[in-house]
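J.: Kindly return the folded structure for what I paste below:
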Amino acid sequence: MRRRRAGRERRSRAIVAPPPGCAEDSVVLTFDVPREFSGVRLDRFVQWRIPRLSRSRAQAIVRACAVREDGSRRRPSDIVKFGETVILVRESFDEPEVPLDYGILLDDGAVLAIDKPAGLPMHPTASYHKHTLSYQLRERYSDGDAFVPAIAHRLDRETSGVVLCGRTREAERRLKMSFEAHRVDKTYLAIVHGELPDEGEIDAPMAAVREGLHVMMEVRRDGLEAHTRYRVRERRGGRSLVELSPRTGRQHQLRVHLASVGHPIVGDKLYGADREAPFLEYIETGMTPELEQRLGHPRQALHAHAVHFEHPETAEAMTVRAPLSPDLQALWGRAGSVA
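T.: Purely as a prediction, here's the structure:
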């Protein structure tokens, strides 16, 4: 339980200027060390802070990027202390182009609900810094000491739809607690291959794959419980428009569950018929016309349609909805033409 509380404290923020000796246009990230990680090695802390990072990769990042406030270098074996700020600096780099415009679904001073476009990453990664939702929020809402809206949960980069943010520190804390306590209900829309039964529930434990790409998950008896309810809204052209309600929140849960019953999401590069082959091809060559034709769509046809939650200030039951994104509306329209 203590480690879960620590997870709520994880936050990165850009500092105003790079430390001495670093280029002025450097990309700078800072991470505050929570009490639970006081006394651990720096490389272990960085590995925890950046999801899906291997130990060797964390050590390489520390050697190349970790500095103190005076600009001096740090070592992977350095011990971090509660309250200190870990600083990572890397040279400025060209980022892939992504859609940066997002819609506002709700802004009442406590909750900011965003309609995230597909392709916009949530947080910085090895490839993205300024082209992320968290950076765009800082750019839009930073005003002196004003609190920058804090994202309360996650969506995959390719998934479009509703994202909730706290507009105050207390609202952020309460929203994150609601997500962790499973008091938030999320509804997704997906376009899948084949024709599913009218409705049902997929009850299939999940775990990280034993072989293959380490980012992938699979259905496995010894995995963690995972439940997804579904209801078919419409069928056409050998595809189904499905409403999905995850009862648990495992990584890639909806994509893995649908693939496990023979109805993968259209455009899914990891869990489609060819498994990870399209993903590796995309990493190497980008989205080519031939690859898009094989996939059926340039991104996974998954949309976060609605979030049902308790308002962090008023305790009122709230629902925020984002209409099906334009690209998925067009994809579904084309499905009818091939029926």
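J.: Run a quick neighbour tally on M318.
T.: M318 has 17 neighbouring residues, counting by other C-beta atoms under 10 Å. C-beta coordinates here come from the backbone N, C-alpha and C atoms, glycine included.
J.: what's the answer for the one 4 residues further on, then?
T.: Summarising burial for A322: neighbours were counted as other C-beta under 10 Å, giving 21.
J.: List the contacts of it.
T.: Contacts for A322 (C-beta atoms under 8 Å, 6 or more residues apart in numbering) come out as G103, L105, D115, S160, G161, V162, H303, A304, H305, A306.
J.: can we see that at 6 Å?
T.: Contacts here follow C-beta atoms under 6 Å, 6 or more residues apart in numbering; on that basis A322 touches D115, G161, V162.
J.: Does R63 belong to a helix, a strand or coil?
T.: Secondary structure, DSSP: H, G, I helix; E, B strand; the rest coil: R63 is helix.
J.: sorry, back to before: of the contacts of A322 - the most surrounded one?
T.: That'd be G161 among the contacts of A322, by other C-beta under 10 Å, with 28 neighbours.
J.: Checking it next. Helix, strand or coil?
T.: Quick answer, by three-state DSSP: G161 is strand.
J.: May I have the beta-bridge partners of it?
T.: K116, A304 (DSSP bridges).
J.: Same check on the one 5 residues further on?
T.: In this structure, G166 bridges to V111, A150 when assessed by DSSP bridges.
J.: And the residue lying closest to R334 once chain neighbours are set aside, how far from D145?
T.: Spatial nearest neighbour of R334, excluding adjacent residues (C-beta to C-beta, 6 or more residues apart in numbering): G237 at 7.9 Å. G237 sits 54 Å away from D145, going by C-beta to C-beta, to the nearest Å.
J.: More neighbours: which of these two?
T.: G237 (13 against 5).
J.: Dihedrals phi and psi, that one?
T.: Main-chain dihedrals, G237, degrees, to the nearest 10: phi 60, psi 30.
J.: Give me the pLDDT for it.
T.: pLDDT, G237: 92.
J.: hang on, it packs against A335?
T.: Yes: if you go by C-beta atoms under 6 Å, G237 and A335 touch, sitting 3.9 Å apart.
J.: ok, back up a step: redo the contacts of A322 as TSV? Include pLDDT and distance to L291.
T.: Output for the contacts of A322, formatted as TSV (pLDDT from 0 to 100; distance: C-beta to C-beta, whole Å):
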residue	pLDDT	distance to L291
D115	98	27
G161	98	24
V162	98	29
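J.: Could you single out the nearest of the residues you listed to R140?
T.: D115 (14.6 Å; C-beta to C-beta).
J.: how about the helices of the stretch 151-300 of the chain, start to end?
T.: 169-180, 253-260, 277-285, 289-295 (DSSP state H, counting those that start in this stretch).
J.: and H227, what does it touch?
T.: D203, R247, T248.
J.: For it, list each beta-bridge partner.
T.: In beta-bridge terms (that is, DSSP bridges), H227 pairs with D203.
J.: Let me know the pLDDT of it.
T.: Confidence score, pLDDT, at H227: 97.
J.: And for S337?
T.: With respect to pLDDT, S337 has a value of 56.
J.: got it, and G200?
T.: Value for G200, per-residue pLDDT: 97.
J.: which one is R239 nearest to, not counting chain neighbours?
T.: R239 sits nearest to A335 (C-beta to C-beta, 6+ apart), 4.9 Å away.
J.: pretty sure that neighbour is touching S240, no?
T.: No: proximity of A335 to S240 does not meet the contact threshold set by C-beta under 6 Å, at 9.3 Å.
J.: Between the two, which is the more surrounded one?
T.: Per other C-beta under 10 Å, whichever of A335 and S240 has more neighbours is S240, with 24 against 20.
J.: how close does the more buried one get to R334?
T.: From S240 to R334 the distance is 15 Å (C-beta to C-beta).
J.: tell me the domain boundaries of the protein?
T.: 2-90, 103-337 (automatic domain parsing).
J.: ranking the ones you listed by burial, who's on top?
T.: domain 103-337 (a mean of 18; mean count of other C-beta atoms under 10 Å).
J.: That one: how far from the chain's middle?
T.: Chain-centre distance of domain 103-337: 8 Å, with C-alpha atoms, centre = their mean, to the nearest Å.
J.: do stretch 67-87 as well
T.: Per C-alpha atoms, centre = their mean, the centroid offset for stretch 67-87 relative to its chain is 27 Å.
J.: what about that stretch, start to end distance?
T.: 6 Å (C-alpha to C-alpha, to the nearest Å).
J.: ok, residues contacting that stretch?
T.: 19-21, 30-33, 35, 38, 41-43, 45, 59, 62, 66, 89.
J.: and the residues you listed, which of them are in strands?
T.: T30, F31, D32, A66, V89 (DSSP state E).
J.: Okay, and G71 sits in which element?
T.: For G71, there is no enclosing helix or strand under DSSP states H and E.
J.: how close does it get to A207?
T.: From G71 to A207 the distance is 43 Å (C-beta to C-beta).
J.: Take the contacts of H227 and lay them out in TSV including pLDDT and distance to T314.
T.: Below are the contacts of H227 laid out as TSV (pLDDT from 0 to 100; distance: C-beta to C-beta, whole Å):
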residue	pLDDT	distance to T314
D203	97	35
R247	94	26
T248	94	28
